[in-house]
Each structure stands twice: as structure tokens, then as C-alpha cells.
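1. what would the 3D arrangement of this be:
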Amino acid sequence: MKFERINENRPLWTRNRADISKEDYREFYKNVFKETSDPLSWSHFSAEGDVDFTGLIFIPERSSYDQFEKFYEKKSEVKLYVRKVLVNDEFEDLLPKYLNFLKTLVDSDSLPLNVARENLQHDKALKSIGKKLLNKAIDLLVSFNPSPEDEEELFSEDDDETDENDGEFKSAYEKKVDTFDKFWKNFQKNIKLGMIEDHDNREKLAVLTRWYTTNNITRLTSLDDYISRMKEGQKHIYFLGGEDRAILYFSPLIEKLNK
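-> Sure, this is the predicted structure:
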């Protein structure tokens, strides 16, 4: 008897990253996670150690309409494969709650294929995967955050295309800033919640934050940018919370600070 392989396509996460195009990742993301828009960024990695696995983490373009409804009852959207077979797509503690907006896939040969779903949550190997997955997720967010080094890159691969909104050429750094501002608009509550709950990663998450300042109440400023403008001898950062930035700017509480 002669057999013929019909489907020659290997699962995307098992292929060499150098052979996968950006469009391949985008199409995979849309198909697997049932999304209609492209991801803002992603990370494709392999982890080794006490447990080996391959992972894919995607940052969505926008938050879901029910992002904060029954927030602490929601499970992380992590698709777990064991030897390329899907065994679960929801987890209670694989990623902390504040990162439940990420779309994630994990494939490991270290887990037993016939493991019961109810036992997965207590599996030591899975706990190890969770720790490594958290580190990779934080690394993705930090690398996604525009840094001063990015300004050295003048133009991106598609710099021959004009921006649809203003018809002007934009550098890679400007595009990255615009994309990150979109991310911040959608997921700032998650990052601020992470700063409260995740003490180990608080400083890394703080770098991601954006603020309106007395220096410019119409454009968001990163914490690093603010610190770079601090006056000599300034030891504290003061802030006000409210609904109207203009009213806050003229608040008598910060009148002397403005002067």
C-alpha cells in the first residue's frame, strides 16, 4: 500500500524563524486566535532547561469589549500543545491576570500527552513553563517599547510608503512611538495593575507607562523622557489624577510647581 502526504504544511511554530515571513505570522495569528486585525508585535522563541517548549506570544491591536468584566474570573488565553496536539486553551495561573490580553501558544514535548486537563494546573513542568512564559512576555513588552536607541534607525523597511493619516514620511522610530501609543491607549489599565500586583517586574513595567505632563498636556511622555528633563536637585515626581487634563494643569495644587 502506498501512502501520499496530502498536507505538507508544518505547524508554524515548529519552522525555522528565518523562514517565516511577517505576513505568515499575521495570518497565523488571525486564523488561530480568530482575530480580524494584525497583531501589534509578537515573540517566537524556544525555551530549554528543566522543561523544553516552543512559544508564541502576540500583542493584540485592541482590547476586547469585555476586557475588565469579571476580570479575576477570566482565564489566560494560552493554547497548550503537547507534541503538536492541542490539549487545553484556557489556564487559571499560567500567566498573571494583568497579562490576560496577550494571545499565547505553547508546545512542549516534556508534558505527557494523556495528562488530564484538571491535573495540568498542578503540574510542576507547567509551573516552570509559566515562569519562563512570564519572563518572555515582559521581554516582549519591553522590546516593543520605543527607546532612545530606536531613534538611530532613520527609516523602516517600508519607508517608501507615506502615512495614510498625514501623507508624510515617518521614520521607524516615529512609527514605533505611534504604535506603542495605540497599545498604551488600549492596555494601560493592565500595565498599571501589573505594577501594583507584580512586585518582581514593577520597575520593568514602570518603563512602559505614559503620562501627560505640565511640559506637554497634549502628548504622552514616557517615564524615561520625564526623568531626563528633571531639574537638578529634583528628588520627587508629583502627579494629579482626574478626567480633564486642562483643569488639572491649572490646579492651584501645582501652581507653585509650574512656576
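2. shaky segments in the stretch 101-250 of the chain?
-> Low-confidence segments of the stretch 101-250 of the chain (pLDDT under 70): 113-122, 148-170.
3. contact partners for Asp109?
-> The contact partners of Asp109, by C-beta atoms under 8 Å, 6 or more residues apart in numbering, come to Asp52, Phe53, Val82, Arg83. (Glycine included, C-beta is placed from N, CA and C.)
4. and whichever helix in the chain runs longest, what's buried?
-> Taking DSSP state H as the criterion, the chain has its longest helix at helix 172-197. For helix 172-197, a neighbour-count test (16 or more other C-beta atoms under 10 Å) marks 172-177, 179-180, 183-184, 186-187, 190-191, 193-195 as buried.
5. so how far is that helix off the chain centroid?
-> Chain-centre distance of helix 172-197: 8 Å, with C-alpha atoms, centre = their mean, to the nearest Å.
6. I'd like the next helix or strand past that helix.
-> Using DSSP states H and E, the helix or strand that follows helix 172-197 towards the C-terminus is helix 202-206.
7. other SSEs contacting that next one?
-> In terms of contacts (3 or more C-beta pairs under 8 Å, 6 or more residues apart in numbering; DSSP states H and E), helix 202-206 is packed against helix 124-144, helix 172-197.
8. neighbours of the residue nearest to Arg229 when sequence neighbours are not counted, how many?
-> What sits nearest to Arg229 in space, not counting adjacent residues and going by C-beta to C-beta, 6 or more residues apart in numbering, is Asn215, at 6.5 Å. Using other C-beta atoms under 10 Å, Asn215 has 10 other residues around it.
9. Asp225 is in contact with Asn215, correct?
-> No - using C-beta atoms under 8 Å, Asn215 makes no contact with Asp225, being 9.0 Å away.
10. would you say Ser46 is within a helix?
-> No - assessed by DSSP: H, G, I helix; E, B strand; the rest coil, Ser46 does not belong to a helix; its assignment is strand.
11. now it: how far from Asn16?
-> Per C-beta to C-beta, to the nearest Å, Ser46 is found 11 Å from Asn16.
12. neighbour count winner among these two?
-> For Ser46 and Asn16, the more surrounded residue by other C-beta under 10 Å is Ser46, and the numbers stand at 11 against 7.
13. count the neighbours of Leu80 for me.
-> 24.
14. backbone phi and psi for the nearest residue to it once chain neighbours are set aside, please?
-> Nearest non-adjacent residue to Leu80, counting by C-beta to C-beta, 6+ apart: Asn88, 4.6 Å away. Backbone dihedrals for Asn88, given as degrees, to the nearest 10, come out at phi -160, psi 150.
15. tell me the pLDDT at Asn88?
-> If you check Asn88, the pLDDT there is 78.
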